[in-house]
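S.K.: dropping a prediction and its sequence here:
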Amino acid sequence: MELSSLILAVLAVTFCVAAVRAEDEEPLAVQEDLDERAMSPLMKMAMELRSKKTGPKAASPSLVKMAMDIRDKQAVAGATTAYYAPSAGSTSAAPVTSAPSSSTAKPVTTTAAPAPATTAAPAPSSTAAPAPGTTSAHTATPGPAPGPAQKPNIIVFVADDLGRADISYTQGNLQVPTPDIDRLAWDGIILNRHYSNPICTPTRGAFMTGKYVFHIGMQTQAIGEAEPWGMPLDHPTQADLFRSIGYSTWHLGKWHLGAATRQYLPNGRGFDYTLGVTGGACNWFNYTIGWITPVPTSGRDLRENGKEVYANITNNVYFPELINNAAERLIRDQDPKKPFYLYFATPVAHSGFEPYFGAQHTMPQFQLRPPVYQFSSLFPERKKCLGIIQVLNEQFKRLTEAVVNKGVANNTIIIFFADNGGPLARHAAYVHGSNHASNWPLRMGKGSLFEGGVRVPGFIWSPLLKKRGRVTNQLFHVTDWLPTLWEAVGADPALLPANGDGFSHWKSFQAGLTVGPRKELVNNIDSILHQYAMIHEDQYGGLYKLIGGNAFDNSYFGWDRTEGTFAGDDSWRVYTPAEINCNFPEGIEVSKCLPNKADCLFDLLNDPCELNNIADSYPAMLKLLQDKIKAYNATSVPALIKPQDPAGLEAEWGGWWVPWLDPEPLDKVPLTYTPFQDSTNF
């Protein structure tokens, strides 16, 4: 009897230990099904605070620090980092540029052979062993740190027109649970003052080159269909630079940096492989792009390595699904000894091209998710937007699972950010539609230099980060990604282009600092639209913003509440350490700001929602920033924008948008392919 009891006890203990290990080592795909899968200790504590009806102001610094300490202790153990030496011979190589030194040089045809079509049947699965842990904060210790010869892989995930409140880790918006994005955000470093440009083409140009857009002539507007201009060819891109040090470089999704000649297409700008659309927003089933002015247009725009992808190849596969399938295949089939750089420029959550002023189409599996299905039908476009954001979360989840399944998660850096603020419905005619996003409680949205247009979600995640699981309020601009990633992979800084506008934050990330090297940034200077703004940190740590000039037709400069919510009702959100506290009643202006009539000044530390214009009270600071703007403006170059060329309209080219100014506007050899197959056997 005693022996049998002893055996049962041993078996019970063994079962419990095995269960704990199994729970710790769950892959992302399994963890995704847990009810609290996105709940880091910070979030759990926030939920407890909320349930006790304790507001954000009641969370003392010691309590927040306690939460951070708990979070740090439960982070993936053993993560190490090293500055890797460039591969043999790379330090002496000059940066590879994909174009002549002059942006006015005659276009030439890209001669590089295209990579195999993504639409080919999937290759056999990789034999590489999967990583022993997962990328979640709730997992076992990761595998051994990579050797010094292995440069980290890089995944750049750019969300399109995502409002700051349209993701649940920022404002705790319960309308839009994004657990898989949240999981890596809380396990990484949340950049709570990440700034992009107010519209898409400029942000993408600044990101790719590491230059302020007024230094590369992209400060005024997005590139329209059949407009003969693009990102200047004499500036190397991130893809050029990372390919020069041995990376495989891939682009998937939206491009929007020029398409007049093949030199402007992704293969001409340093990418080994590309699948996506060249314009700003497409229909997600037939991949057509167009707009209603200056003349109504609609043309197909899906290209793989510069070649037209016909309808019988893709069979109208949902575009977000199409590029996810491609990403999974590329990661799966990559030589594990060769690092990759993936620029995943999702079209989500951009508004639809058809209908022009509404949210994009989504799929039933996302529309039927409880938060979307239960949302009020009184706000149909907002309801569609919530479904689209579920698509965004699913895309991100699948990318993280891909690197885990490949076994390279421990040597991968993932960055996430939005290209601009969400477009307000009232301004749909000015910004090519509205997806009914929310930037609440920030002011204005896409197309505006107020905070709602430029302060966007952003974070970095990697087991190579020594001090993660935290929120930092250091100033970070989209131009900072190039030098930061460059230092992160251990590349020679002498190979970066001269006169860059970005700062590397890698050392501050590794040291666990909440202050970084950037002390000011210029949101933009545009002499054509007459708008300008910049942020400056003074010697005491104060943060001041100057804004002046126009905003659309100057009829509205306000705050748009999240659709489906009303004043006094906070049941739709929960406190998070990354949320913005206005310090004034939300959406109620204290001191008027009309930037088209006089420059405005805001104290962003105490007034992040730009409710209180202090220009009259702080004339010295106002004068300082006005002088700085003038000095920056003296370094600007003329805008490159050009009007639409009728010769490039889709009606002239069989219903396709083509590189109409190229010597070979049409494909001499059509794309070869096998029938489309998905990647479910990944």
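M.R.: Cool, got the structure.

S.K.: helix or strand: which one has the closest residue to Val156 other than its chain neighbours?
M.R.: Of all residues not flanking Val156 in the chain, Tyr343 sits nearest, at 4.9 Å (CB to CB, 6 or more residues apart in numbering). C-beta: built from backbone N, CA, C; applies to glycine. In the assignment (DSSP states H and E), Tyr343 maps to strand 340-345.

S.K.: distance from that strand to the middle of the chain?
M.R.: 11 Å (CA atoms, centre = their mean, to the nearest Å).

S.K.: which other helices and strands contact it?
M.R.: Here strand 340-345 touches strand 153-159, helix 238-244, strand 248-254, helix 319-333, going by 3 or more CB pairs under 8 Å, 6 or more residues apart in numbering; DSSP states H and E.

S.K.: try it again with 7 Å
M.R.: strand 153-159, helix 238-244, strand 248-254 (3 or more CB pairs under 7 Å, 6 or more residues apart in numbering; DSSP states H and E).

S.K.: where does pLDDT dip in the protein?
M.R.: Applying pLDDT under 70 to the chain flags residues 1-149, 353-358, 674-682.

S.K.: if we use 80, what do you get?
M.R.: Within the chain, the set of residues satisfying pLDDT under 80 comprises 1-149, 291-295, 352-362, 429, 431-433, 672-682.

S.K.: quick check: bridge partners of the nearest residue to Lys519 once chain neighbours are set aside?
M.R.: Spatially, and ignoring its direct neighbours in sequence, Lys519 is nearest to Glu537 (4.7 Å; CB to CB, 6+ apart). Glu537 forms beta bridges with Leu543, as assigned by DSSP bridges.

S.K.: just want to check the distance between Glu537 and Lys630.
M.R.: Per CB to CB, to the nearest Å, Glu537 is found 19 Å from Lys630.

S.K.: list the residues that contact the residue nearest to Val156.
M.R.: Contact analysis of Tyr343 by CB atoms under 7 Å, 6 or more residues apart in numbering lists 156, 239, 250-251.

S.K.: tell me the one of those nearest Gln390?
M.R.: Checking the contacts of Tyr343 against Gln390 with CB to CB, the nearest one is Val156 at 21.6 Å.

S.K.: which residues sit in contact with that closest one?
M.R.: By CB under 7 Å, 6+ apart, Val156 lies in contact with 342-344, 415.

S.K.: with Phe602 instead?
M.R.: Per CB under 7 Å, 6+ apart, neighbours of Phe602: 545, 610, 613-614.

S.K.: go again with 10 Å.
M.R.: When contacts are counted by CB atoms under 10 Å, 6 or more residues apart in numbering, Phe602 touches 443, 450-451, 533, 535, 543-547, 591, 593, 608-615.

S.K.: isn't Val408 right up against Pro339?
M.R.: Yes: here Val408 reaches Pro339: they are 9.0 Å apart, a contact under CB atoms under 10 Å.

S.K.: any idea how far Pro638 is from the nearest residue to Leu640 once chain neighbours are set aside?
M.R.: Closest residue in space to Leu640, ignoring its immediate chain neighbours: Gly217 at 3.8 Å, by CB to CB, 6+ apart. Between Gly217 and Pro638 the computed distance is 6 Å (CB to CB).

S.K.: more crowded one of those two?
M.R.: Between Gly217 and Pro638, counted using other CB atoms under 10 Å, Gly217 has the larger neighbour count: 20 against 11.

S.K.: next one: phi and psi at the more buried one?
M.R.: Dihedral angles of Gly217 (phi, psi; degrees, to the nearest 10) stand at phi 80, psi 20.

S.K.: which SS class is Leu442?
M.R.: coil (DSSP: H, G, I helix; E, B strand; the rest coil).
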